[in-house]
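Participant: The amino acid sequence is not available; the structure is as follows:
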């Protein structure tokens, strides 16, 4: 409704002014005052109002010129003038409507920007994490020399016990010196993707998680999160883990010592041999536990490294290294705790059996331990060039029963072959899947 009223109002005002001014200025054209009327209607009412004002203005001008034919003005001239007026007035109306649209869009953008600014300000002032916007100061050769603090939220000021007057000042003007690690992280963030680091603030005696992101050629956005409580919890957890490790290690050592004493006191050589094997199996489990402790993890073991250490221990403690050598060829591989324990016990049994039966004194040779890590599959092979299997290709005994039991529990496959010696291949087709291996076999 505002559009039509504005069009009528502007045209009537223009007509009245034309009548008044026409009496004082005889040379004033008929069309002069209708252009601003059409423009005003377009600005207020849009295209429809501009079109209505154009029609009313053209009609009034036509009537005035038609009634003025006594001035001997040709009809063709009147028609041409009116058509020219319509064309130019249409352009003026379209320009006014476009200007009106741009102004309204600008008004909406300003309102949206204000809403975003309000939300940003509420978030900026209300979050518990510290936020800072820094402006880097660079040397002529491209080195980062200093920072100017452009913005800092209240959380950051409270976090580092700063006052608002720090905003706008350079870091060099503040008594606190930046650590080299932090400066290097800022340089990396300016040069590439966002950077994340953890740093200890000596003056505040707090740990902070810092994320740095470049937001311009010279500006760097930084988010600070206080992680002191988390660091304290991790430290307590590490202490508890260390204590647990020592207790487990001591318990395993105690069990191993008791079995060793029983073995030395046993009169029956077969009993003594079985007790010594039990001691060795406990040592194998202890080696897995030590591997977990070294990587501070309770989930996975670096099995390739563990396999090398196990074979080194067997060479040092159980095998005459002058006669028998163990060669290990292992692909990089991670294994779960259950898999590591089971495969470690398997290797322990196969290597000690090979040293005992494939190369009885004074014979000597090489025992080869190979590990192949393929997607979703482990291949573990223990082979020798000794006397081979003397029981029809199907070795028996407590050790081999234990090996078969462990392979079955890991849902693996055991292959036995002899060609100039004995070869045992363990294939785990479901390696890496949760719960695929559960080591529950007895040690003895």
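Facilitator: Everything's here; your move. Keep in mind it's a predicted model, so treat the numbers as computed, not measured.

Participant: per-domain residue ranges of the chain.
Facilitator: Domain ranges of the chain: 2-123, 130-226, 231-428, per automatic domain parsing.

Participant: now do the same end-to-end measure for the shortest one.
Facilitator: Going back to what we said before, that points to domain 130-226. 9 Å (Cα to Cα, to the nearest Å).

Participant: for stretch 405-424, same thing?
Facilitator: 14 Å.

Participant: Kindly report the same for stretch 159-167.
Facilitator: Per Cα to Cα, stretch 159-167 runs 15 Å from first to last residue.

Participant: Could you pull out the buried residues of that stretch?
Facilitator: The neighbour-count check on stretch 159-167 (16 or more other Cβ atoms under 10 Å) flags 159-160, 162, 166 as buried. Where C-beta positions appear, they are placed from N, C-alpha and C, glycine not excepted.

Participant: closest to residue 145 among the residues you listed?
Facilitator: Residue 145 lies nearest to residue 166 out of the buried residues of stretch 159-167, by Cβ to Cβ, at 18.4 Å.

Participant: so how far is residue 178 from that closest one?
Facilitator: 14 Å (Cβ to Cβ, to the nearest Å).

Participant: so which helix or strand takes in the residue nearest to residue 58 when sequence neighbours are not counted?
Facilitator: Nearest non-adjacent residue to residue 58, counting by Cβ to Cβ, 6 or more residues apart in numbering: residue 86, 5.3 Å away. Using DSSP states H and E, residue 86 sits within helix 75-126.

Participant: from the middle of its chain, how far away would the next helix or strand after that helix be?
Facilitator: Sequence order places strand 130-138 as the next helix or strand after helix 75-126, per DSSP H and E. Remark: strand 130-138 is offset 23 Å from the chain centroid, using Cα atoms, centre = their mean, to the nearest Å.

Participant: Can you tell me what sits against strand 130-138?
Facilitator: Here strand 130-138 makes contact (Cβ atoms under 8 Å, 6 or more residues apart in numbering) with 124, 144-153, 155-156, 159-160, 170, 186, 190, 208, 215, 218-225.

Participant: in it, what counts as buried?
Facilitator: 130-136.

Participant: Let's have the residues you listed in a markdown table, adding distance to residue 417 and pLDDT.
Facilitator: Listed next are those as a markdown table, based on distance: Cβ to Cβ, whole Å; pLDDT from 0 to 100:
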| residue | distance to residue 417 | pLDDT |
| --- | --- | --- |
| 130 | 66 | 88 |
| 131 | 66 | 88 |
| 132 | 67 | 87 |
| 133 | 69 | 88 |
| 134 | 68 | 86 |
| 135 | 72 | 87 |
| 136 | 67 | 82 |
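
Participant: Those into TSV, with extra columns for distance to residue 310?
Facilitator: As requested, the buried residues of strand 130-138 are exported to TSV (distance: Cβ to Cβ, whole Å):
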residue	distance to residue 310
130	49
131	51
132	52
133	55
134	52
135	57
136	53
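
Participant: Can you tell me which of those is nearest residue 56?
Facilitator: Distance to residue 56 across the buried residues of strand 130-138 (Cβ to Cβ) is lowest for residue 133, with 56.5 Å.

Participant: and the closest one, how far is that from residue 225?
Facilitator: If you go by Cβ to Cβ, the gap between residue 133 and residue 225 works out to 17 Å.

Participant: for the helix holding residue 86, packing partners?
Facilitator: helix 34-45, helix 47-67 (3 or more Cβ pairs under 8 Å, 6 or more residues apart in numbering; DSSP states H and E).

Participant: what's the spacing between it and its chain's center?
Facilitator: 45 Å.

Participant: what's the angle between it and helix 34-45?
Facilitator: Counting by axes from the mean of the first three to the mean of the last three Cα atoms, to 10 degrees, helix 75-126 lies at 30 degrees to helix 34-45.

Participant: Start at 51, not 1
Facilitator: All right, first residue 51 from here; so that's helix 125-176.
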